[in-house]
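> everything below, folded, please.
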Amino acid sequence: MCSDKASLTPANKMFTRWLLGTLIIIIILFFLPWTQNIQGKGKVTTLKPEHRPQTIHSTIAGRIEKWYVQEGQIVKKGDTIAHLSEVKAEYFDPNLIARTQQQVDAKKGSIGSYTDKADALQDQIEALRIELDFKQKQLSNKILQSRAKVGSDSIDVERAKIDYEIAIKQRDRSQTMFDKGVTPLIDLEQKKLKVQATKAKLVGADNKLITSRNELINSQLQFNAVDYEYNQKIAKASSDRFSTLSDQFVAEGDVRKLEIQTANYTQRGTFYYITAPQDAYITKALKPGLGETIKEGDAIVSIMPTNYDLAVEFYVKPMDLPLLTLEQEVRFIFDGWPAFIFSGWPDFSFGTFNGNIVAIDNNISSNGKYRVLVGSFDSEKPWPKALRPGSGAQGIALLNDVPVWYEIWRKLNGFPPDLYDERSEMVPKLKAPIKSIPK
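Okay, here's the model as predicted:
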């Protein structure tokens with residue numbers, strides 16, 4: 001009877017078996033692999049910056065005259081979106097480009113005149129130099145003639161001196177002989193006349209020599225004066241030529257400015273028509289109505305490119321950033337697409353889409369997290385075609401596989417996921433040099 005009371009009832013046995021089975025299952029679950037992951041909120045965007053929604057701005061200030069599109073319309077690259085008219089007074093002239101081109105032609109004509117004037121002045125300078133050379137040669141010959149004449153007159157003076165001295169000696173001898181009564185008075189008087197004549201010749205020769213010397217000095221002074229005079233004329237002509245060349249360079253600079261102005265006016269004419277930079281949808285007209293005035297750089301219309309590669313940008317905490325690398329796999333749940341997920345068993349999840357990390361920001365964002373850009377590279381399960389930039393998304397970056405018990409222990413202690421740096425396996429082991437090893 002005691003043995004019957006100690007035995008278990010069938011219900012207790014079943015409960016015990018169920019409890020043991022549950023315990024065994026829990027123990028088995030603890031040792032199952034669990035994929036660590038990092039989750040973050042984000043939104044859908046485009047992979048390339050030129051594929052993202054953008055606004056078209058007006059390059060010039062103007063007034064809207066006509067719209068060629070409506071919201072929601074598809075436009076091709078180069079299609080006209082709107083037409084602007086001019087609002088600045090300096091561009092009102094309809095013949096502005098032609099008149100500016102006429103100014104360019106007039107300035108070019110003045111450049112030709114300056115060139116001809118500079119050439120004429122150069123010819124004048126050459127002529128003055130030739131004339132100076134001719135004058136110098138002429139005066140050099142005159143100086144040589146004057147020097148020769150001075151030499152000849154000097155000889156005449158010496159001869160006149162000798163004649164005068166001889167005449168005096170003859171007069172003195174005649175005077176002595178007259179006093180002795182040897183010669184008559186008429187001979188003495190003739191000798192005295194000859195003295196006077198030779199003296200007059202000596203004075204004339206001296207005067208002629210002085211005149212010749214003065215002519216030589218005057219020739220030398222004239223030579224220097226001609227050199228100074230023509231150098232002055234050459235310097236003035238050179239100065240006029242350089243002034244002309246300076247005016248020519250100024251005119252050439254004015255021509256370049258006018259040509260730039262003409263090109264700017266021509267280019268400005270192309271800005272009156274706002275065109276589509278690429279194939280896109282017209283999403284919203286930011287300056288509706290006709291006759292509305294816009295400023296330079298004002299946004300006119302917003303567009304969305306028709307051809308784009310989708311991507312997702314989501315944000316992770318700074319402590320999770322070292323765990324992410326380029327080309328790492330990321331799973332996504334998009335808003336509007338049902339999904340059933342097991343974060344630790346991604347293979348059993350349903351409704352998720354794959355992607356790979358293509359860029360990681362180096363600077364922290366304003367929300368205190370780092371932005372991660374993920375692109376779609378799964379050709380077997382592409383992202384939905386109806387997905388549009390701006391939609392919400394939740395990213396799950398897959399990390400290492402660890403046991404479930406380890407993951408529970410890590411969560412309870414607040415530890416981050418494990419970080420395995422694959423690069424450490426590629427670092428070669430360093431060996432100390434043989435010479436540094438002590439013997």
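
> the residue nearest to residue 190 when sequence neighbours are not counted: how many residues sit nearby?
Using Cβ to Cβ, 6 or more residues apart in numbering and skipping the chain neighbours, the partner closest in space to residue 190 is residue 174 (8.0 Å). Quick note: C-beta positions are derived from backbone N, CA and C, even for glycine. As a burial measure, residue 174 scores 21 neighbours (other Cβ atoms under 10 Å).

> three-state assignment of residue 174?
helix (DSSP: H, G, I helix; E, B strand; the rest coil).

> residue 186 versus that one, what's the distance?
Noted for residue 174: a distance of 10 Å to residue 186, by Cβ to Cβ, to the nearest Å.

> what's the domain layout of the chain?
What the record gives for the chain is the domain set 31-52+308-422, 57-79+276-304, 96-270, from automatic domain parsing.

> endpoints of the longest one, how far apart?
Spelled out, it's domain 96-270. 14 Å (Cα to Cα, to the nearest Å).

> for the second one, same thing?
In terms of Cα to Cα, the two terminal residues of domain 57-79+276-304 are separated by 14 Å.

> which residues of this protein fall in strands?
33-46, 54-57, 62-67, 74-75, 80-86, 273-275, 280-285, 293-294, 299-305, 310-316, 329-334, 353-360, 370-375, 392-403 (DSSP state E).

> can you list those in TSV and add distance to residue 115 and mean pLDDT?
Shown next, in TSV, are the strands of the chain (distance: least, Cβ to Cβ, whole Å; pLDDT from 0 to 100):
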stretch	distance to residue 115	mean pLDDT
strand 33-46	59	80
strand 54-57	46	92
strand 62-67	42	92
strand 74-75	53	92
strand 80-86	38	92
strand 273-275	42	92
strand 280-285	54	90
strand 293-294	47	90
strand 299-305	49	91
strand 310-316	63	90
strand 329-334	72	84
strand 353-360	60	88
strand 370-375	62	91
strand 392-403	71	76
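
> between the ones you listed, which gets nearest to residue 107?
Ranking the strands of the chain by their distance to residue 107 (criterion: Cβ to Cβ) puts strand 80-86 first, at 25.5 Å.

> counting contacts, what elements does the closest one pack onto?
strand 62-67, strand 273-275, strand 299-305 (3 or more Cβ pairs under 8 Å, 6 or more residues apart in numbering; DSSP states H and E).

> tell me which of those strands is the most buried.
Among these, the stretch with the highest mean neighbour count (mean count of other Cβ atoms under 10 Å) is strand 299-305, at a mean of 19.

> strand 80-86 and that one, what's the angle between them?
Computed with axes from the mean of the first three to the mean of the last three Cα atoms, to 10 degrees, the direction of strand 299-305 lies at 170 degrees from that of strand 80-86.

> sorry, back to before: distance to residue 156 added to the strands of the chain, as a markdown table?
Shown next, in a markdown table, are the strands of the chain (distance: least, Cβ to Cβ, whole Å):
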| stretch | distance to residue 156 |
| --- | --- |
| strand 33-46 | 116 |
| strand 54-57 | 104 |
| strand 62-67 | 101 |
| strand 74-75 | 113 |
| strand 80-86 | 97 |
| strand 273-275 | 103 |
| strand 280-285 | 114 |
| strand 293-294 | 105 |
| strand 299-305 | 108 |
| strand 310-316 | 119 |
| strand 329-334 | 126 |
| strand 353-360 | 114 |
| strand 370-375 | 117 |
| strand 392-403 | 127 |
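
> for residue 240, find the nearest of the ones you listed.
strand 80-86 (45.5 Å).

> just the CA coordinates for the closest one, please, in PDB.
Once non-C-alpha atoms are left out, strand 80-86 reads as follows in PDB (Å, rounded to 0.1, in the frame of the first residue of the first chain):
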ATOM      1  CA  THR A  80      12.200  73.200 -72.700                       C
ATOM      2  CA  ILE A  81      10.500  73.700 -69.400                       C
ATOM      3  CA  ALA A  82       9.800  77.400 -69.200                       C
ATOM      4  CA  HIS A  83      10.600  80.600 -71.100                       C
ATOM      5  CA  LEU A  84      11.900  83.800 -69.400                       C
ATOM      6  CA  SER A  85      12.100  87.400 -70.500                       C
ATOM      7  CA  GLU A  86      14.600  90.100 -69.600                       C
END
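
> ok, which of the domains of the chain comes nearest residue 17?
Nearest to residue 17, of these and by Cβ to Cβ, is domain 31-52+308-422 at 21.7 Å.

> mind listing what residue 75 touches?
69, 81, 276, 279, 280, 281, 282, 303 (Cβ atoms under 8 Å, 6 or more residues apart in numbering).

> repeat that with 6 Å
By Cβ atoms under 6 Å, 6 or more residues apart in numbering, the contact list for residue 75 reads residue 276.

> likewise residue 365?
Counted by Cβ under 6 Å, 6+ apart, residue 365 has contacts residue 371.

> redo that, cut-off 7 Å
Neighbouring residues of residue 365 by Cβ atoms under 7 Å, 6 or more residues apart in numbering: 315, 371.

> tell me how far it lies from residue 188.
142 Å.

> since we're on residue 20, how many residues are nearby?
10.

> still on that earlier bit, wait, doesn't the residue nearest to residue 190 sit right on residue 193?
No: taking contacts as Cβ atoms under 7 Å, residue 174 lies outside contact range of residue 193: 11.1 Å.
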